[in-house]
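Engineer: Next one to model:
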Amino acid sequence: MLIDLHTHSYPMSDDSFMNVDEAIQGAKAAGLDGICLTDHDAFWDSQQTRELSRRHNLLVLPGSEINTDAGHVLAFGLRRYEFGMHKPEFLRACAVRDGGVLVAAHPYRRRFLEDPGRDPAARAGMLERAARDPFFGLCAAIESLNGRGSPQQNRFSADLGAALSLPATAGSDAHRVAQLGAAATEFHGKIENLADLIRLLKSGQYRPVDLRAKTPGP
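Structural biologist: Below you'll find the predicted structure:
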C-alpha cells in the first residue's frame, strides 16, 4: 500500500494552501492508497477521519507534526496536544503511554547545509554530529525522502537513517495540491486503520518511494 505520511491542510495548518477535501482528492488522483493528515501541532480525531474516508472512498488516517526543541516529529496514535510536547522526551513518553509511534520529519533541517555540504569532509562532520543526536533515538523511523526536500537534503537524511539503522519513510509534506504525489511510503502489509499503521511503522515493514521517478527513495 502506498500512503503519504506527511500532509498539511488549511486551516488546521495555517501555512497550507489547500483544504482537507482538496488534499484527499489530490492524493486519490495521484493513485495513492491512503493519506495521513499531519497538521502542525493539531489533531484530527478518528471519527473525523473515518467520515472523510467514507466521503472520498480513500483511507484517511490522523496524525500530527509536532514542533519540538530538537526538530519536527510526525506523531501517530496521540489524541491531543499537551503542554510539554515541545520537549522530545516528554513527547516520547506520551507516545509510549498512548501506544503511538514517532517518525523524525525532514531530519536534514538544522543539521545539513548544502553549500558547505558540497565538501565531503564538511558533510561527513555534519552527518557524524547528527548521528550523535539523542533525538533520533526517540523515534521509530526517519523520513529519508521528503517531497519538498532537495536531492542533496534527502540524500543526507537517507545516509543519516542508514548510520542510525532506522527504517525509512517518505511523505510529500504537501502544502499545495500540486505537491501531492511526490513521495509516499510503501507498506508491506494491509492497512485499514490507525492501529494497523502504527503496528507496521513499528515493524519496519515499509520503504520510501519517490513517485516522481517511480523508484525507491534514496
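Engineer: going forward, measure contacts between C-alpha atoms and count neighbours the same way
Structural biologist: Fine.
Engineer: what's the next secondary structure element after the host helix or strand of Leu102?
Structural biologist: Here Leu102, judged by DSSP states H and E, is contained in strand 101-104. Using DSSP H and E, the next helix or strand after strand 101-104 towards the C-terminus is helix 114-117.
Engineer: Would you mind listing the buried residues in that following helix?
Structural biologist: For helix 114-117, a neighbour-count test (16 or more other CA atoms under 10 Å) marks Gly117 as buried.
Engineer: State the mean pLDDT of the next helix or strand after that helix.
Structural biologist: Moving toward the C-terminus from helix 114-117, the next helix or strand (DSSP H and E) is helix 120-131. The predicted model gives helix 120-131 an average pLDDT of 97.
Engineer: burial count for the nearest residue in space to Gln153 that is not next to it in sequence?
Structural biologist: In this structure, Gln153 finds its nearest non-sequential neighbour in Tyr108, 5.8 Å apart by CA to CA, 6 or more residues apart in numbering. Summarising burial for Tyr108: neighbours were counted as other CA atoms under 10 Å, giving 26.
Engineer: for the strand holding Leu102, packing partners?
Structural biologist: Of the remaining helices and strands, those touching strand 101-104 by 3 or more CA pairs under 8 Å, 6 or more residues apart in numbering; DSSP states H and E are strand 71-76, helix 88-98, strand 141-146, helix 194-203.
Engineer: quick one: strands adjacent to that strand?
Structural biologist: strand 71-76 (antiparallel), strand 141-146 (parallel) (DSSP bridges).
Engineer: can you redo those as JSON lines with mean pLDDT and mean neighbour count?
Structural biologist: Putting the strands paired with strand 101-104 into JSON lines (pLDDT from 0 to 100; neighbours: other CA atoms under 10 Å) gives the following:
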{"stretch": "strand 71-76", "mean pLDDT": "98", "mean neighbour count": "25"}
{"stretch": "strand 141-146", "mean pLDDT": "98", "mean neighbour count": "29"}
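Engineer: Out of the ones you listed, which is closest to Asp39?
Structural biologist: With CA to CA as the criterion, Asp39 lies closest to strand 71-76 of the strands paired with strand 101-104, at 9.3 Å.
Engineer: ok now that closest one, how far from the chain's centre?
Structural biologist: Offset of strand 71-76 from its chain centre (CA atoms, centre = their mean, to the nearest Å): 7 Å.
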